[in-house]
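1. Could you work out the structure for the sequence below:
(one chain, ligands or ions: 1)
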Amino acid sequence: MNLSYQSTRGGESGLTASQAILKGLAEDGGLFMPNMIPKLDVTIEQLAGMTYQETAYEVMKLFLTDFTEEELKYCISHAYDSKFDTEEIAPLVKADGAYYLELFHGSTIAFKDMALSILPYFMTTAAKKNHVENEIVILTATSGDTGKAAMAGFADVPGTRIIVFYPKGGVSKVQELQMVTQKGDNTAVVAIHGNFDDAQTGVKKIFGDRAFGEKLAAKGFQLSSANSINIGRLVPQIVYYVYAYAKLVANGEIQNGDPINITVPTGNFGNILAAYFAKQIGIPVKTLICASNDNKVLYDFFQTGTYDKKREFILTTSPSMDILISSNLERLIYLSTGCDAAANRKLMEELGTSGAYTVNEDMKAVMKDFIGGYATEAENAAEIRKVYEDTGYVIDTHTGVASSVYRKYAAETGDTTPTVIASTASPYKFSHSVMEAISGDQSGKDEFVIVDELCAASGVPVPGAVEEIRHAEIRHRRECQAETMEATVAEILGL
Ligand SMILES: *Cc1c(COP(=O)(O)O)cnc(C)c1O
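-> Presented below is the predicted three-dimensional model:
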């Protein structure tokens, strides 16, 4: 059987990888999924001797089957180059009883770079393969990190434009400055008066508006997505879990075949789903620990089987996880129904109309590898402080949530399986909250004074991504309401 892509809601099937990447989201509102899960065709011993780029090729070729070897290697070598500040690309740091997989060494210092440095290469390669003449307009809702990482990838890429919507007041100071100072004539940034869910729902609505799509096409534009609903983001995220496992074996931390646990600070469920895919293609993973902040809709879901978004949206110090509608969970739901698109569609419609749905026992059994946990604001801060005091290692507020959840899980269960914690952002991106956790109240202090204090406390040099925005000019001041997102897109594109 050849691998192809189909919508989780049944409307489309038989797409090649490049077609699925170009579309981003299926026309029926579903997400694209491969029709089968491939298996690694190299051994862990072989992987243990590979670079990040070589590992990436072995994983990506399994899913992106209509890309030639030459195309894939071109994309990989241009994405994972000196934009990353370490040749390892994703280093694994052992600290305080766990392995922190540092996914923040790319140009915007959050894990989104792992996939968004390669997505523009996938997209332009896919456009060429499919003889796309239109200009591709990337529409992106961001909880803070995707927007910057996507713009860094797409800025001044010929044949593309990118428009980013972020929740005003819902991101950190550094995140906001990174976005509003973005250069590139094809970039636009809009602050919306609403939260991330409003932004994401608005973007999905624009994708679903046929009339608007026709208007765009008449002007030579077509939409795509840089959000983690795009399969072109999910696939690159599988790579670092495979790489981490192989590194643990190579370094003698575990024996080949030993199971590991993976803990992921979760928002839209993209990163942890990639870890699940890593397991499916052949990496020995025991438990996937899904860590939430106070917006613990996923924790409740894994406890009860009911996904219920009807609750207060809480702004936390881990803003990239402030999400109540975790889009990529739909892919797991779809798998758990045995790929029954009609059953999945029914649940997603329930979520849309009544704000909740409940899965049955069979579906729960398929999802048994996942367990949920959450950390309160106080627990998160205490964890950041504890790891710092024990080891001198400074973690960011998202990684803090994961670390805290892992520690509670290990204490409650006695599970001593070696555990990889996805470390999703540099602490510098959340300097204020991180320094507050380590040394108390920072209110009234200038963000860059705090940055310099964090440097003194951690001994880690201030990353270029932060130095760059110290004095950068603000280039984007546009704002809109959640209801006027489509009109704003039309205005930006001059429709
Ligand atoms: C996006 C993000 C997350 C959440 O990842 P998902 O794939 O959306 O679950 C966690 N931490 C940071 C720093 C992020 O940017």
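2. okay, stretch 69-84 in PDB with CA atoms only?
-> Taking Å, rounded to 0.1, in the frame of the first residue of the first chain, the C-alpha atoms of stretch 69-84 are listed here in PDB:
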ATOM      1  CA  GLU A  69      15.700  12.000  -1.800                       C
ATOM      2  CA  GLU A  70      17.400  15.000  -3.300                       C
ATOM      3  CA  GLU A  71      14.500  17.300  -2.400                       C
ATOM      4  CA  LEU A  72      14.300  16.000   1.200                       C
ATOM      5  CA  LYS A  73      18.000  16.400   1.700                       C
ATOM      6  CA  TYR A  74      17.900  19.900   0.200                       C
ATOM      7  CA  CYS A  75      15.200  20.900   2.700                       C
ATOM      8  CA  ILE A  76      16.900  19.300   5.600                       C
ATOM      9  CA  SER A  77      20.400  20.800   5.000                       C
ATOM     10  CA  HIS A  78      19.000  24.300   4.500                       C
ATOM     11  CA  ALA A  79      16.700  24.100   7.600                       C
ATOM     12  CA  TYR A  80      19.100  22.600  10.100                       C
ATOM     13  CA  ASP A  81      22.200  24.600   9.500                       C
ATOM     14  CA  SER A  82      24.000  27.500  11.400                       C
ATOM     15  CA  LYS A  83      20.600  29.100  12.200                       C
ATOM     16  CA  PHE A  84      20.900  26.700  15.200                       C
END
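3. same question for it, mean pLDDT?
-> The average pLDDT for stretch 69-84 rounds to 97.
4. ok, Thr266 touching Asn328?
-> No - counting by CB atoms under 8 Å, Thr266 sits too far from Asn328 to count as a contact (9.3 Å). From N, CA and C alone the C-beta is placed, and that goes for glycine too.
5. if you count what's nearby, which of the two comes out ahead?
-> Applying other CB atoms under 10 Å to Thr266 and Asn328 shows that Thr266 carries more neighbours, namely 32 against 22.
6. In three-state terms, how would the residue nearest to Thr142 when sequence neighbours are not counted be classified?
-> Closest residue to Thr142 apart from its sequence neighbours, by CB to CB, 6 or more residues apart in numbering: Tyr166 at 4.9 Å. Following DSSP: H, G, I helix; E, B strand; the rest coil, we place Tyr166 in the strand state.
7. May I have the beta-bridge partners of Tyr166?
-> Beta-bridge pairing for Tyr166 (DSSP bridges): Ala191.
8. For burial, what's the neighbour tally of it?
-> One way to gauge burial is a neighbour count; for Tyr166, by other CB under 10 Å, it gives 27.
9. In the stretch 51-200 of the chain, which residue sits closest to the ligand?
-> The nearest approach of the stretch 51-200 of the chain to the ligand comes at Asp145, 3.2 Å away (CB to the nearest ligand atom).
10. Disregarding flanking residues, what is the spatial nearest neighbour of that residue?
-> Per CB to CB, 6+ apart, closest to Asp145 is Ala110, 3.9 Å.
11. in the chain, which ranges drop under the pLDDT threshold?
-> Within the chain, the stretches with pLDDT under 70 are 1.
12. Up against the ligand, what does it have?
-> 110-112, 145, 228, 265-271, 320-321, 398, 424-425 (CB under 6 Å from any ligand atom).
13. what are the phi and psi angles of Ser423?
-> The phi/psi pair for Ser423 (degrees, to the nearest 10) reads phi -100, psi 100.
14. which non-adjacent residue is nearest Val157?
-> Using CB to CB, 6+ apart, the closest residue to Val157 is Pro120 (5.1 Å).
15. name the element that neighbour belongs to?
-> Using DSSP states H and E, Pro120 sits within helix 119-129.
16. Same question for Asp390.
-> Following DSSP H and E, one finds Asp390 within helix 377-391.
17. mind listing the helices for the stretch 201-350 of the chain?
-> Taking DSSP state H, counting those that start in this stretch as the test, the helices found in the stretch 201-350 of the chain are 210-218, 231-250, 270-280, 297-304, 329-336, 341-354.
18. same check, this time on the stretch 351-495 of the chain
-> 361-366, 377-391, 397-413, 431-439, 447-458, 464-470, 485-493.
19. gap between the fourth one and the chain center?
-> What it means is helix 431-439. From the chain centre to the centre of helix 431-439 is a distance of 24 Å (CA atoms, centre = their mean, to the nearest Å).
20. And the shortest one, by the same measure?
-> In terms of CA atoms, centre = their mean, the centre of helix 361-366 is found 25 Å from the chain centre.
21. Any buried residues in that helix, and which?
-> Across helix 361-366, burial judged by 16 or more other CB atoms under 10 Å covers Met363.
22. Mind giving me the packing neighbours of that helix?
-> Applying 3 or more CB pairs under 8 Å, 6 or more residues apart in numbering; DSSP states H and E, one finds that helix 361-366 contacts helix 329-336.
23. Next: the longest one.
-> Of the remaining helices and strands, those touching helix 397-413 by 3+ CB pairs under 8 Å, 6+ apart are strand 98-102, strand 260-265, strand 285-292, strand 370-374, helix 377-391, strand 419-423, helix 431-439.
24. want to try CSV for the ones you listed, with mean neighbour count and distance to Thr124 as columns?
-> As requested, these are exported to CSV (neighbours: other CB atoms under 10 Å; distance: least, CB to CB, whole Å):
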stretch, mean neighbour count, distance to Thr124
strand 98-102, 22, 28
strand 260-265, 28, 29
strand 285-292, 24, 33
strand 370-374, 22, 35
helix 377-391, 19, 39
strand 419-423, 26, 28
helix 431-439, 23, 35
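25. so which of these gets nearest Thr181?
-> For the helices and strands packed on helix 397-413, proximity to Thr181 was assessed by CB to CB; helix 431-439 is nearest, at 16.6 Å.
26. got the CA coordinates for the closest one in CSV?
-> In CSV, the C-alpha atoms belonging to helix 431-439 read as follows (Å, rounded to 0.1, in the frame of the first residue of the first chain):
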residue,chain,number,x,y,z
SER,A,431,12.8,36.1,31.6
HIS,A,432,10.3,37.9,33.8
SER,A,433,8.4,34.8,35.0
VAL,A,434,11.6,32.7,35.3
MET,A,435,13.5,35.3,37.4
GLU,A,436,10.4,35.8,39.5
ALA,A,437,10.4,32.0,40.2
ILE,A,438,14.1,32.0,41.1
SER,A,439,14.5,35.3,43.0
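27. the inter-axis angle of that helix versus helix 397-413?
-> Angle of helix 431-439 versus helix 397-413, following axes from the mean of the first three to the mean of the last three CA atoms, to 10 degrees, is 40 degrees.
28. returning to what we had before: got a list of contacts for the helix holding Asp390?
-> Here helix 377-391 makes contact (CB atoms under 8 Å, 6 or more residues apart in numbering) with 95-96, 293-294, 316-318, 375, 393-395, 397, 400-401, 403-404, 407-408, 433-434, 436-438, 457.
29. May I see the buried residues of stretch 185-195?
-> 186-192, 194-195.
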